[in-house]
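Participant: Pasted the sequence and its predicted model underneath.
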Amino acid sequence: VMSHPASTTIAKGQNTNFSITATGASLSYRWQISIDGGYTWNDLSNVAPYSGTSTATLTVTNAQLNLNGNLYRCRVSGTCNPAVYSNAGKLTVLPNITTICQTFTTCPGNATVVISVNEFIDVASFSLCLGYNQSVMTYTGYQNVHSHISSAGIFSINEINGKIFISWSNTADTTIANGSTLIELLFVSSPGTSNMTWDVVTPGNCEYSNAEGQIVYSTWTNGTLTFQQPPAITSHPANSTVCAGLNTTFSVTATGTITGYQWQLSTDGGTTFNNISAAGTNPVYSGYTTQNLTLTGVVAANDGYQYRCIVSGPVPPDA
């Protein structure tokens, strides 16, 4: 063996290689693994996550945390005995912490933004920096800091010019279950949209590290918060008097965020209303899912019918 496999550190889900070079006649290769620190060794085969187990380069694909600490070496055989073994290379697989800012649509007013984490494993400190749109949202505080953070170490949070800075440090590593809430941020909002953006550009603003001071891999998911007004009727349908056989139209206008219109009919003086869902006959309905309901060919039997419109939006209540 002329060159031995080097130890490597990667994030969960990444790929890596261990390689050697060797001299001799008619060489063959077999990579081996030790999960007990080099005390015992077993041959590898080309089963995920491994490939190239009989070549000079072993490939590990989509490495998971259970591979952390494994040792890999290669047995090289040739025409002449004896076979030789390379030194071992160590694989270190670190968590890839995902920090997620919630995305949602709701009414203006008090808003709670949830920050959650996955793969939060063996972390002793972090710094977070989240930006938001000050013209839409006003930061008012926080709540529900995860108990592992609030019960040990030093925690701080500050807001400066549309950015929220959150930091925590401890002398020992801690682990938080996947999907857990790290903290909830509180705002007062007005209508509009605010992007919630992690500052991953400024060094140190978004970063995790362990008790040894080693930076932990991380992925950051931004959020988008949309604050919409519920629908409100500004102009109601007017009464209509027509002769039998003619046509008429009822109209409505509304403000707010609108996703749909549904006209309804009451034949009992307004006691009960039912959706108009087909064109029908006598009269023929059109536009019953728009602002304007048209009745074509009304008959005397329609006298006294009442029509109203339900205006819907993503934010309740309907109007």
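Facilitator: Sure, I can see it. None of these values were measured; they are calculated from a predicted model.

Participant: Spatially nearest residue to G89, not counting backbone neighbours?
Facilitator: Spatial nearest neighbour of G89, excluding adjacent residues (CB to CB, 6 or more residues apart in numbering): P5 at 3.3 Å. Where you see a C-beta, it was placed from the backbone N, CA and C, and this is true even at glycine.

Participant: That neighbour: what secondary structure?
Facilitator: Under DSSP: H, G, I helix; E, B strand; the rest coil, P5 falls in the coil class.

Participant: Partner strands of the longest strand that the chain contains and their direction?
Facilitator: With secondary structure taken from DSSP state E, the chain has its longest strand at strand 163-176. Strand 163-176 pairs in its sheet with strand 120-131 (antiparallel), strand 154-160 (antiparallel), by DSSP bridges.

Participant: I'd like the next helix or strand past the first one.
Facilitator: Read it as strand 120-131. Moving toward the C-terminus from strand 120-131, the next helix or strand (DSSP states H and E) is strand 137-143.

Participant: Now do that following strand against strand 120-131, angle only.
Facilitator: Per axes from the mean of the first three to the mean of the last three CA atoms, to 10 degrees, the angle that strand 137-143 makes with strand 120-131 is 150 degrees.

Participant: Packing partners of strand 137-143?
Facilitator: strand 180-189 (3 or more CB pairs under 8 Å, 6 or more residues apart in numbering; DSSP states H and E).

Participant: Quick one: mean pLDDT for the strand it packs on?
Facilitator: On average, the pLDDT along strand 180-189 is 97.

Participant: Give me the buried positions along it.
Facilitator: Of the residues in strand 180-189, L182, I183, E184, L185, F187, S189 count as buried by neighbour count, 16 or more other CB atoms under 10 Å.

Participant: What strands flank it, and is each parallel or antiparallel?
Facilitator: Strand pairing for strand 180-189, using DSSP bridges, gives strand 109-118 (antiparallel), strand 137-143 (antiparallel).

Participant: what residues does it touch?
Facilitator: For strand 180-189, the surrounding residues in contact (CB atoms under 8 Å, 6 or more residues apart in numbering) are 99, 108-117, 120, 130, 132, 136-146, 149, 157, 164, 166, 176, 225, 227.

Participant: gap between stretch 191-207 and the chain center?
Facilitator: 15 Å (CA atoms, centre = their mean, to the nearest Å).

Participant: repeat for stretch 58-69
Facilitator: 25 Å.

Participant: what does stretch 207-223 give?
Facilitator: For stretch 207-223, the distance to the chain centre is 17 Å (CA atoms, centre = their mean).

Participant: Looking at it now, give me its mean pLDDT.
Facilitator: Across stretch 207-223, pLDDT averages out at 93.

Participant: before we move on, what about stretch 98-115?
Facilitator: Here the average pLDDT along stretch 98-115 is 94.

Participant: List the beta-bridge partners for V284.
Facilitator: With DSSP bridges as the rule, V284 is bridged to T296.

Participant: Of all the strands paired with strand 163-176, which one is nearest W31?
Facilitator: Of all the strands paired with strand 163-176, strand 120-131 sits nearest to W31, with 27.3 Å by CB to CB.

Participant: could you redo the buried residues of strand 180-189 as TSV and give each row distance to A11?
Facilitator: Shown next, in TSV, are the buried residues of strand 180-189 (distance: CB to CB, whole Å):
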residue	distance to A11
L182	19
I183	24
E184	27
L185	27
F187	32
S189	35
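
Participant: neighbouring contacts of the longest strand of the chain?
Facilitator: Identification of contacts with strand 163-176 by CB under 8 Å, 6+ apart yields 117, 120-132, 139, 146, 148-149, 152-159, 182-183, 185, 199, 205, 210-211.

Participant: List the buried residues of that strand.
Facilitator: K163, I164, I166, S167, W168, N170, T174, I176.

Participant: Only alpha carbons, please: show that strand as PDB.
Facilitator: The C-alpha coordinates for strand 163-176 follow below in PDB (Å, rounded to 0.1, in the frame of the first residue of the first chain):
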ATOM      1  CA  LYS A 163     -33.800  41.200  12.600                       C
ATOM      2  CA  ILE A 164     -34.200  39.000  15.600                       C
ATOM      3  CA  PHE A 165     -31.000  37.700  17.100                       C
ATOM      4  CA  ILE A 166     -31.300  34.500  19.300                       C
ATOM      5  CA  SER A 167     -28.300  32.900  21.000                       C
ATOM      6  CA  TRP A 168     -27.700  30.100  23.500                       C
ATOM      7  CA  SER A 169     -24.600  28.500  25.000                       C
ATOM      8  CA  ASN A 170     -23.900  25.700  27.500                       C
ATOM      9  CA  THR A 171     -20.900  23.700  28.700                       C
ATOM     10  CA  ALA A 172     -22.500  20.400  27.600                       C
ATOM     11  CA  ASP A 173     -24.200  19.100  24.500                       C
ATOM     12  CA  THR A 174     -27.900  18.700  24.400                       C
ATOM     13  CA  THR A 175     -30.300  16.900  22.000                       C
ATOM     14  CA  ILE A 176     -33.800  17.800  21.100                       C
END
